[in-house]
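In: here are the coordinates; sequence isn't available:
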């Protein structure tokens, strides 16, 4: 990753900080087969990641010169996973943005922290807050398996289809007309149906992936229980 590629077939990712969040993110990305660069001051964690990427660096400082020496400026995306030490997080984010990396994502541990990172030009994530929100949704809505917030109004929900629609078709149930939601895909008996046709018949245990507002999901939940 120290040299620019003439033509890149896929994005390259750099991760700064291998705490619980950074290490888990690195492992997930390696499973996807992406080109990955990681760095941390913890020699043991870096050595572990060298089994998956040759671009794993032990760094004691995160100044601009040291960051550039790793070649992280050649990545398409860099993720700063140093939420606990706010001053280091902010300085590292500033250095990565100034290196010209197309997208810099930074972990924040508070609203104030996130606001500073955004002003530096980073895309901000709040892992602990987002996990709490996802858990809350799963507890609130029966059958909820997962939740991704795309914006303030639009979300992707993964939930077990209500028993009351078993044997019904997508057209006859018509969740779009009733609640304004869209069925993106259906997982049935371990097989993902990516194109959902109106004549699809729901089966017990089907898992739906739907795009909807939180309000629409609550209405579906109430309707399913009645």
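Out: Great, that's in hand. Every value quoted in this text rests on a predicted model; they were computed, and no experiment measured them.
In: Run a quick neighbour tally on residue 20.
Out: By the criterion of other C-beta atoms under 10 Å, residue 20 has 9 neighbours. Just so you know, the C-beta spots here come from the backbone N, C-alpha and C atoms, and that holds for glycine as well.
In: repeat for residue 30
Out: When neighbours are defined as other C-beta under 10 Å, residue 30 has 16 of them.
In: Not counting sequence-adjacent ones, nearest residue to residue 39?
Out: residue 57 (4.3 Å; C-beta to C-beta, 6 or more residues apart in numbering).
In: Can you tell me the SS state at that neighbour?
Out: strand (DSSP: H, G, I helix; E, B strand; the rest coil).
In: how about it, what does it touch?
Out: 37, 38, 39, 46, 70 (C-beta atoms under 8 Å, 6 or more residues apart in numbering).
In: Please repeat the previous calculation with a cut-off of 7 Å.
Out: Shown in contact with residue 57 (C-beta atoms under 7 Å, 6 or more residues apart in numbering): 39, 46, 70.
In: The helix or strand containing the first one: what's the following helix or strand?
Out: Going back to what we said before, that points to residue 39. Using DSSP states H and E, residue 39 falls within strand 35-40. Next along the chain after strand 35-40, taking DSSP H and E as the criterion, comes helix 43-49.
In: So what touches that next one?
Out: 18, 23, 26, 38, 40, 56, 57, 58.
In: ok, and the most crowded of those?
Out: residue 38 (30 neighbours).
In: what's it in contact with, if anything?
Out: 15, 18, 26, 46, 49, 53, 56.
In: three-state assignment of the first one?
Out: At residue 15 the chain is in strand, as set by three-state DSSP.
In: Tell me the pLDDT of it.
Out: You'll see residue 15 listed with a pLDDT of 96.
In: what does the fourth one give?
Out: According to the prediction, residue 46 has pLDDT 95.
In: so how many other residues sit close to it?
Out: Neighbour tally, residue 46, other C-beta under 10 Å: 17.
In: One more: residue 176?
Out: Counted with other C-beta under 10 Å, the neighbours of residue 176 add up to 14.
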